[in-house]
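In: make a model of this:
(one chain, ligands or ions: 1)
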Amino acid sequence: MKPVRTRAVPKKTPAKPKSFSKDPVQVFCRLRPMQNESDESCMKIISEQSIQVTPPDTSANYRAGTAKDVIYSFNRVFDESISQKEVFETVGLPLVKSLLEGRNGLLFAYGVTGSGKTHTMNGEPQDGGIMPRSLDVIFNSIAHFQAKKYTFKADRMNGFEIQSDIDALQERQHELMRNLESRPIKTPRKNSDPDLHFRQPDTTTLDVVCEDNTFAVFVTYVEIYNNSVFDLLEEVTEDMLRTKSMQMKILREDALKNMYVHGVTEIEVKSPEEAFEAFYRGQRKKRMAHTTLNAESSRSHSVFSIRLVQAPLDHHGENVLQEKGGMLISQLSLVDLAGCERTNRTKNSGQRLREAGNINNSLMTLRSCLEMLRENQLTGSNKMVPYRDSKLTHLFKSYLDGEGEVRMIICANPRAEDYDETMQVMKFAEMSQEVQIARPTPVRVDFGFTPGRRKANQVFRSAVRQLQEDGINSNIPVDVDVVYSLATDLPSLDILGPDGAKVISELKEFLQERMKHRTMLQKNLISKQEQFRALLAEVERENVLSKQEVLSIQAQLDQERSRMRAVQTKLGTMERQYSTLQRRYDEQEQQNQILRQEKADLELALSQSAIDKQKVKHRYNAKVAVEKEKISYEYEKKLERDREALRHQVREKDEKIRRVQRALKEDVHVPSTASSTNSAANVTSKSDGSTTQSSNTFLLRTPGADSRRMGMALRNPRHRRSRSAEGTGKWLDHCPATPVPLNTVFQPNMRKRKSVTKLTDVKDITKGTERYCLTTQEQDTDGELETRLYKGDVVPTCSGGAQVIFSDVELLKQSSPTGNASGPVTRKRSAQMSGTDVAERCSTAVEGHGKRPHLLTKP
Ligand SMILES: Nc1ncnc2c1ncn2[C@@H]1O[C@H](COP(=O)(O)OP(=O)(O)OP(=O)(O)O)[C@@H](O)[C@H]1O
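Out: Numbering: from 1, shown residues only. Okay, here's the model as predicted:
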């Protein structure tokens, strides 16, 4: 059977002017069931459209004393027992219908964290949410009208191109080869991934599609995380997946002022299952996290977009018309917003806290945009709406500012703990209902083709097939072209009888009909010409816009290239600097290594030498102790011997004296034999009173025998002054207050000195004094005067005082010429002072004399 040949004149509907009719944002509210039976509810549904919220005792309102019941009204309120299907039919299905009819739609799921947004949007495989049901309905509705894959191809500027059958076929073959050759990188399945085998598809079919069109479905899935857009369907390497370093996407505006994600992966799907496969692939990359309030909380806003592309079939009702103008693109965006949350409840920190901050900020911007839109619409003002403050609002600018059907489903958890946050959500939702959005008006171009041509073609083809099967020649041409003719053929003009007038009137009628028809065709032609001109103008406009866009993209590209070059140069410089620094660091590290080694060696040597020193010290201490003992023993013995000798001498002297006395008694005049025995003898007085002395003799006043008579020592050229105190330093001469005059030249030679008899001021010893001399005088065992000079160096101490380190003892001793053959004065020097004696003297010296200094008894 030949398809119906119509006489329809091809009409092209001119582009409709922008619709000025507006619809408010439709808002629905869904309560989720309580988790625990013991939880207190703060919400009560009072009608299909209204809900009452009562502040619990724990709420901020209650505490502030401003608590009161509030009733909120929405397009519909769903209670806890509502089914997913019912929610879909009320909220989602009208949007799917609009999509199939070529209108754009946007659905937000908004609410506090854990209130059931994801549950409402996605649901479970057994009981799907709005998204899977929408896909089911779309594919059910276009099932028989789908275009072959790759008939439509995304042009990456938010538009589509129609490919020829051959190109589409080639692409299909390439895809097949690709799939055979390489296994695509698959994101690992999570345990939480649903098993689609148990899926219960929605069987609803909408009978609104234009049957003479062909359809294709494309899906994109993006997330807005920390105010950046990421493509969840982008093919990523395993590394990128592991490190979650996906590339950020930018938002752009197309020629028709629609916002889109530049370079987003748009996948053509031929069945709901293919769409789910893509969705769950993206879902695995979506940022989810466990929080206090939700075990699987979305940390980003996710946008799953379904784009439906439809284009009319040609006049045969068989192939897609290769006219870009006939294409109609509609989009449904399903947005699962991340839940608003108060950080003091979630106890989030670190990355979770930053995410929560970004989520709350973007939701706040959405709120501000809708508030500003409402204000502009109510007051007629034209304040700037801050779409660009957040990627979320920027992406949906074309809906809010332009055309589209916007709906919002508020998910609420009725438990009392969520009251404060839920109130904010409710207020925002109620306010949103006052925002008006322009009603979308799909522009369909009428090419004047016969409606129902697809069906006619199908019937015709099946008839041809049937004829062929029956063996009948079925080469029947198909022609459904529009017929342009003035009318049917002229009626017969032969006037054969008296009824010629009738023929003439018929002819007249025919001609009038023809003239009418001609006028109609002329009008039609004129209107077609106008439409064509308008179409041409539109095409030209699009062309100009495209050229402008190309130019701007070109300029951007150039800019990007030059920026990239600059960055590369900088990178090169940085790399060089880095390698120099790295080299220096390595050298330094080597140096440090060597120094550390040397330090370790030195420390080892030091500890070894300390051990050696300790050993030597022990050895010498032992030796010194032995020597000391030995010397002291010998000294004791010698002392004993000396005493014995002295006693012997004393006895002899006594004996001599007694003999002298006896002799004196016996004989009063005694010759000058006493000169050899008298210690004060052999001094002759001169007439001028000066004293002279024979060589090698002294006139000495000993404190013992001669009592305390003073006299000048005779000078003996053989004797020099003591050199023991020579030197440049300043001396502190510490001598007794009343020294026994020695009458000797053997005085210490202190050029610079300060004499003290008592050390009362520490400054005496600390200020400028370098050397110290302590003079003591005492009697020896023979009763002779023994003068000792203890000399030492003054060394400052760290506490600001001074200490004296004795280094020398000088002994000045005199004895009677008769009692000691070795001479009248014996000078001994000793550097061997007992440590304890020196310390005693030293402390006495430094602290000052409280009493007379001790006299040393040891030589
Ligand atoms: N209406 C409901 N019926 C049954 N279970 C529900 C319902 N709403 C939510 N739930 C359950 O509550 C839990 C949290 O829900 P969901 O993940 O959808 O919350 P959300 O609002 O998306 O949270 P977030 O903003 O943190 O991502 C899930 O286990 C979900 O199955």
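In: going forward, measure contacts between C-alpha atoms and count neighbours the same way
Out: Noted.
In: near the ligand, which residues of the stretch 1-150 of the chain? Just list them.
Out: Residues of the stretch 1-150 of the chain lying near the ligand by CA under 6 Å from any ligand atom: 32-33, 113-119.
In: let's go with 8 Å and repeat that
Out: Neighbours of the ligand within the stretch 1-150 of the chain, by CA under 8 Å from any ligand atom: 30-33, 35, 80-82, 110-121, 123.
In: so which strand or helix has the residue in the stretch 401-550 of the chain positioned nearest to the ligand?
Out: Using CA to the nearest ligand atom, the closest approach of the stretch 401-550 of the chain to the ligand is made by residue 411 at 6.9 Å. Using DSSP states H and E, residue 411 maps to strand 405-412.
In: let's see that strand as PDB, backbone CA atoms only.
Out: Output of strand 405-412 as PDB, limited to C-alpha atoms (Å, rounded to 0.1, in the frame of the first residue of the first chain):
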ATOM      1  CA  GLU A 405      10.400  24.600  34.900                       C
ATOM      2  CA  VAL A 406      11.900  24.700  38.300                       C
ATOM      3  CA  ARG A 407      10.800  22.400  41.100                       C
ATOM      4  CA  MET A 408      12.200  21.700  44.500                       C
ATOM      5  CA  ILE A 409      11.700  18.900  46.900                       C
ATOM      6  CA  ILE A 410      12.400  19.600  50.500                       C
ATOM      7  CA  CYS A 411      13.400  16.600  52.500                       C
ATOM      8  CA  ALA A 412      12.900  16.900  56.200                       C
END
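In: what is the neighbour count of the residue of the stretch 401-550 of the chain closest to the ligand?
Out: 28 (other CA atoms under 10 Å).
In: OK, contacts around it?
Out: 29-32, 109-112, 115-117 (CA atoms under 8 Å, 6 or more residues apart in numbering).
In: rerun that using 6 Å as the cut-off
Out: By CA atoms under 6 Å, 6 or more residues apart in numbering, residue 411 lies in contact with 29-31, 111, 115-117.
In: tell me what it is bridged to.
Out: Beta-bridge partners for residue 411, by DSSP bridges, are residue 30, residue 111.
In: and the one helix or strand residue 591 maps to, what does it pack against?
Out: Element membership of residue 591 [criterion: DSSP H and E] is helix 500-666. Helices and strands touching helix 500-666, by 3 or more CA pairs under 6 Å, 6 or more residues apart in numbering; DSSP states H and E: there are none.
In: enumerate the residues of this structure near the ligand.
Out: 30-33, 35, 80-82, 110-121, 123, 288, 291, 293-299, 336-340, 411.
In: got a ChimeraX select line for the buried ones in the residues you listed?
Out: Per 16 or more other CA atoms under 10 Å, the buried members of these correspond to this ChimeraX selection:
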select :30,31,32,33,110,111,112,113,114,115,116,117,118,119,120,121,123,291,296,297,298,299,336,337,338,339,340,411
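In: now do the closest residue to residue 402 other than its chain neighbours against residue 613, distance only.
Out: Beyond its immediate neighbours in the sequence, the residue positioned closest to residue 402 (CA to CA, 6 or more residues apart in numbering) is residue 438, lying 6.4 Å away. To residue 613, residue 438 is 100 Å away according to CA to CA, to the nearest Å.
In: for residue 600, same thing?
Out: From residue 600 over to residue 613 (counting by CA to CA), the distance is 20 Å.
In: and if you look at residue 643?
Out: Separation of residue 643 from residue 613 (CA to CA): 43 Å.
In: again with residue 367
Out: 84 Å.
In: please apply the same query to residue 221.
Out: Counting by CA to CA, the separation of residue 221 from residue 613 is 82 Å.
In: ok, those two, which is more surrounded?
Out: residue 221 (28 against 12).
In: do I have it right that the more buried one meets residue 301?
Out: No: taking CA atoms under 6 Å as the definition, residue 221 is not a contact partner of residue 301, at 10.7 Å.
In: buried residues, the helix or strand harbouring residue 93. List them.
Out: Assessed by DSSP H and E, residue 93 sits inside helix 93-100. By neighbour count with 16+ other CA under 10 Å, helix 93-100 contains the buried residues 93, 95-100.
In: tell me how many other residues surround residue 452.
Out: Neighbours around residue 452, by other CA under 10 Å: 15.
In: residue contacts, the residue lying closest to it once chain neighbours are set aside?
Out: Among residues not flanking residue 452 along the chain, residue 212 sits closest, at 6.2 Å (CA to CA, 6+ apart). Residues near residue 212 by CA under 6 Å, 6+ apart: 312-313, 454.
In: now swap in residue 321 and tell me
Out: 312-314.
In: just give me the closest of those residues to residue 770.
Out: If you rank those by distance to residue 770 using CA to CA, residue 312 comes first, at 118.7 Å.
In: so where's the stretch 101-250 of the chain uncertain?
Out: Scanning the stretch 101-250 of the chain for pLDDT under 70 picks out 182-196, 238, 240-245.
In: run the last query once more with 80
Out: 179-198, 236-246 (pLDDT under 80).
In: show me where it has its strands.
Out: With strands called from DSSP state E, counting those that start in this stretch, the stretch 101-250 of the chain shows them at 105-111, 152-154, 160-162, 213-225, 228-231, 248-249.
In: closest one to residue 463 among these?
Out: Of those, nearest to residue 463 by CA to CA is strand 213-225, at 22.3 Å.
In: low pLDDT regions in the stretch 301-450 of the chain?
Out: The stretch 301-450 of the chain contains residues with pLDDT under 80 at 315-318, 323-325, 339-359, 440-450.
In: in the stretch 601-750 of the chain, which residue sits nearest the ligand?
Out: For the stretch 601-750 of the chain, CA to the nearest ligand atom, closest residue to the ligand: residue 603, 62.4 Å.
In: would you mind listing where the stretch 551-700 of the chain has pLDDT under the threshold?
Out: 666-700.
In: so residue 789, which of the three states?
Out: Three-state call for residue 789 (DSSP: H, G, I helix; E, B strand; the rest coil): strand.
In: just checking, it touches residue 809?
Out: Yes: using CA under 6 Å, residue 789 is in contact with residue 809, at 5.5 Å.
In: any shared contact partners between the two?
Out: By CA under 6 Å, 6+ apart, no residue touches both residue 789 and residue 809.
In: burial check on residue 467, number of neighbours?
Out: 15.
In: same deal with residue 565?
Out: Taking other CA under 10 Å as the criterion, the count of residues near residue 565 is 12.
In: just residue 423 next, same as before
Out: Residue 423 has 18 neighbouring residues, counting by other CA under 10 Å.
In: what's the separation between it and residue 622?
Out: Residue 423 is 94 Å from residue 622, by CA to CA.
In: picking that back up, helix 93-100 and the strand holding residue 411, what's the angle between them?
Out: 150 degrees (axes from the mean of the first three to the mean of the last three CA atoms, to 10 degrees).
In: pull out the buried positions in the next helix or strand along the chain from strand 405-412.
Out: Sequence-wise, the next helix or strand downstream of strand 405-412 (DSSP H and E) is helix 419-432. Buried residues in helix 419-432, counting neighbours by 16+ other CA under 10 Å, are found at 419-423, 425-426, 428-432.
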